[in-house]
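**Q** Have a look; sequence and predicted model below, questions after that.
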Amino acid sequence: MVNIQPYLIFNGNCEEALNFYCDVFGGEIQLISRFKETPVTTPADWDNKIMHAAFTIFGDQLLASDCFPGNEARHGNNINLSVSFDHSNIMDGTFKKLSVGGKITMPLRDTFWGARYGQLVDRYGINWMFNQELENKKNVDEQLVWVS
């Protein structure tokens, strides 16, 4: 099964926004991971910022995070479409096809959270995030590279 979810990016106020949206729509925060819980090096004042979060509104799940330190979320780059793949073999081909005429901003690679992940901007300027849980999760901290 493959699904697509909106992924919202914030400038350090992700938690505030999640609480606001959940209050407005009667939603619920399902998951919050903070930068301090990851092997990613960030400034100390960024430790409690949101690296990844999931929340529901009206039964639909949305994803969110604060942008990586040194980057800035702006209108146009602050919403991504996140595609989660099952263990079928279609992710690589889909990523390759969607990147034609666009720009790969992070090649597909194994990550510290136990998934294969990559990012691209398609030829129409839409930001895409590809994620597929690894069947044999392993720690691959040394492979994590953030590309802005």
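**A** Sure thing, it's come through. The model shown is predicted, which means the values in this text are computed figures rather than measured ones.

**Q** Going by C-alpha atoms from here, please, whenever you check contacts or count neighbours.
**A** Fine.

**Q** all strands for this protein, in order.
**A** Assigned by DSSP state E, the chain shows strands spanning 3-10, 28-34, 50-57, 60-66, 79-85, 103-110, 115-121, 127-133.

**Q** Using CSV, lay out those together with mean neighbour count.
**A** Below are the strands of the chain laid out as CSV (neighbours: other Cα atoms under 10 Å):
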stretch, mean neighbour count
strand 3-10, 19
strand 28-34, 15
strand 50-57, 20
strand 60-66, 21
strand 79-85, 19
strand 103-110, 18
strand 115-121, 21
strand 127-133, 21
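
**Q** angle of the longest helix belonging to the chain against strand 3-10?
**A** If each helix of the chain is counted by residues according to DSSP state H, the longest one is helix 14-25. Between helix 14-25 and strand 3-10, the angle comes out at 120 degrees (axes from the mean of the first three to the mean of the last three Cα atoms, to 10 degrees).

**Q** So for helix 14-25, mean pLDDT?
**A** Taken as a whole, helix 14-25 has an average pLDDT of 91.

**Q** Ok, stretch 113-130 next?
**A** So the average pLDDT for stretch 113-130 ends up being 90.
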